[in-house]
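In: I'll drop the sequence and a predicted model, then ask my questions.
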Amino acid sequence: MKQFQQSDFPSIRSDIDAALKVVAEKYGVTFKIGSITYNTTEFRTKLECVCNDGVDVKAGEDIMAKKEWDKTEKYLCSRSRYSLTY
């Protein structure tokens, strides 16, 4: 890809959503991608992540009972919001 065009973003957003779904299911969180701003060589978006406290928001299932959580995963689910910048 040499430059971004508006027509690229439905596919890009869909691919990002699919990749984040794997992470969301693994850690019991929900991701939300904000609106995308772009120019020809870069784009930006806000990414929010909310812990589900062990409940799958869509299915209403207790995922904590289904998975063994190590200490790293446990601290992620305290209903806090984090902002990551790379």
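Out: That came in fine, so what should we check first? Just so it is clear, the structure is predicted and the values come from calculations on it, not from any experiment.

In: Find the nearest non-adjacent residue to residue 46, please.
Out: residue 34 (3.5 Å; Cβ to Cβ, 6 or more residues apart in numbering). Glycine gets a C-beta too; all of them are placed from N, C-alpha and C.

In: Then residue 43?
Out: Per Cβ to Cβ, 6+ apart, closest to residue 43 is residue 36, 5.4 Å.

In: what number of residues lie near the one you found?
Out: 16 (other Cβ atoms under 10 Å).

In: Tell me the buried residues in the helix or strand encompassing it?
Out: Using DSSP states H and E, residue 36 falls within strand 29-38. For strand 29-38, a neighbour-count test (16 or more other Cβ atoms under 10 Å) marks 29, 31, 36, 38 as buried.

In: Equivalent analysis for stretch 3-16, please.
Out: Going by 16+ other Cβ under 10 Å, stretch 3-16 has these buried residues: 4, 9, 16.

In: OK, contacts around the second one?
Out: Right, residue 9. Residues near residue 9 by Cβ atoms under 8 Å, 6 or more residues apart in numbering: 36, 38, 43.

In: of those, closest to residue 22?
Out: Taking Cβ to Cβ as the measure, residue 22 lies nearest residue 36 of the contacts of residue 9, at 20.7 Å.

In: Show me where the chain has its helices.
Out: For the chain, helices defined by DSSP state H occupy the ranges 9-27, 71-76.

In: out of those helices, which comes closest to residue 47?
Out: Going by Cβ to Cβ, the one of the helices of the chain nearest residue 47 is helix 9-27, 8.0 Å.

In: and the angle for the closest one with strand 29-38?
Out: 160 degrees (axes from the mean of the first three to the mean of the last three Cα atoms, to 10 degrees).

In: mean confidence score for helix 9-27?
Out: Helix 9-27 carries an average pLDDT of 93.

In: Counting neighbours, what do you get for residue 28?
Out: 22.

In: That one touches residue 52, doesn't it?
Out: Yes: contact criterion Cβ atoms under 8 Å: residue 28 and residue 52 qualify, at 5.0 Å.

In: in stretch 43-54, what's buried?
Out: 49, 50, 51, 52, 54.

In: Now it - C-alpha only, PDB.
Out: C-alpha atoms of stretch 43-54 as PDB (Å, rounded to 0.1, in the frame of the first residue of the first chain):
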ATOM      1  CA  PHE A  43      -4.000   7.100  10.300                       C
ATOM      2  CA  ARG A  44      -5.000   7.500  13.900                       C
ATOM      3  CA  THR A  45      -7.700   6.100  16.000                       C
ATOM      4  CA  LYS A  46      -8.600   5.900  19.700                       C
ATOM      5  CA  LEU A  47      -8.700   2.400  21.200                       C
ATOM      6  CA  GLU A  48     -10.700   1.800  24.400                       C
ATOM      7  CA  CYS A  49     -10.500  -1.400  26.400                       C
ATOM      8  CA  VAL A  50     -12.900  -2.200  29.200                       C
ATOM      9  CA  CYS A  51     -12.600  -5.200  31.600                       C
ATOM     10  CA  ASN A  52     -15.700  -7.300  31.700                       C
ATOM     11  CA  ASP A  53     -15.100  -8.600  35.300                       C
ATOM     12  CA  GLY A  54     -15.300 -12.100  34.100                       C
END
